[in-house]
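S.K.: for reference, the sequence and a predicted model appear below.
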Amino acid sequence: MRKRWPKLLQSWTRWWRIRSRRQAFTIALVGLAGKLAAADGHIDPEERESFRRMLKAKPFEWKRISQQFDLVAGSQAGAEIYAEMLSRLTQKQPERRRDILLGLVDIAYADGEFSDQEREFIARAAFGLGLNASDVALALGQNDEGVVGPWGVLGLNGPVSCRELKQKYHDLAREFHPDAALARGAPEELVEGFSRRFQRIHEAYKLVYPQCCP
């Protein structure tokens, strides 16, 4: 029995670290999403439901999470702190950070409107997550191509070489294809959204292909 104690202690410690990180991640995500939802002065039911799907919360968990969501939404202060927490918890996981940003954009668009306050919040959240302007444009383009055009949907500023375009498409397919999203832990409820985004990427690629690969 004594020989088993070190292994048991190691297993318990590992479990505790994973549980603690998961709790910290949830707290930070709830905080950031709650402040975004209230950025335009009110929280719509559609925004709340969009976040519930993003978080993949179980029914018995949602009541507590929803209360925290409403609590943090009372003030815009501290949003950067939550974003930086998520950045630390997703080190060396750029796809996870972009998934978070995409989820935030989905929440902002859930009520059918995208206010200037929400746009500014998204930009600040992206900076806190360690992302850049191209990541923001890419996330916005997945919800409204009219905002950034086909180049923005692909995360590009304009025409590039044929090789660069194909590589970019390959990278985006690896990140946005529904199967790839599921493989890295994205909730099944969001698969439809990834399918929609991948379709937009594919259509944008076909549209600009002749300009880069004549």
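M.R.: Cool, the structure landed.
S.K.: list the buried residues in whichever helix or strand D135 is part of.
M.R.: Element membership for D135, per DSSP states H and E: helix 133-141. Residues 135-141 are the ones in helix 133-141 that count as buried (16 or more other Cβ atoms under 10 Å). All C-beta spots, glycine's among them, are computed from the backbone N, C-alpha and C.
S.K.: among those, which one has the lowest pLDDT?
M.R.: Minimum pLDDT across the buried residues of helix 133-141 is recorded for G141, with 73.
S.K.: tell me what the stretch of helix or strand Q67 belongs to is packed against?
M.R.: For Q67, the host element (DSSP H and E) is helix 59-72. In terms of contacts (3 or more Cβ pairs under 8 Å, 6 or more residues apart in numbering; DSSP states H and E), helix 59-72 is packed against helix 4-37, helix 45-55.
S.K.: what's the next secondary structure element after that helix?
M.R.: helix 79-89.
S.K.: give me the distance from the helix holding Q67 to the chain's centre.
M.R.: 19 Å (Cα atoms, centre = their mean, to the nearest Å).
S.K.: just the angle between it and helix 45-55, please?
M.R.: 120 degrees (axes from the mean of the first three to the mean of the last three Cα atoms, to 10 degrees).
S.K.: in helix 59-72, what's buried?
M.R.: For helix 59-72, a neighbour-count test (16+ other Cβ under 10 Å) marks 65-66, 69, 72 as buried.
S.K.: tell me what the helix holding D135 is packed against?
M.R.: For helix 133-141, the packing partners by 3+ Cβ pairs under 8 Å, 6+ apart are helix 94-109, helix 116-129, helix 145-153.
S.K.: weakest of the helices and strands packed on helix 59-72 by average pLDDT?
M.R.: helix 4-37 (a mean of 72).
S.K.: find the residue at the geometric middle of this structure.
M.R.: I100 (1.9 Å; Cα atoms, centre = their mean).
S.K.: done for today, thanks.
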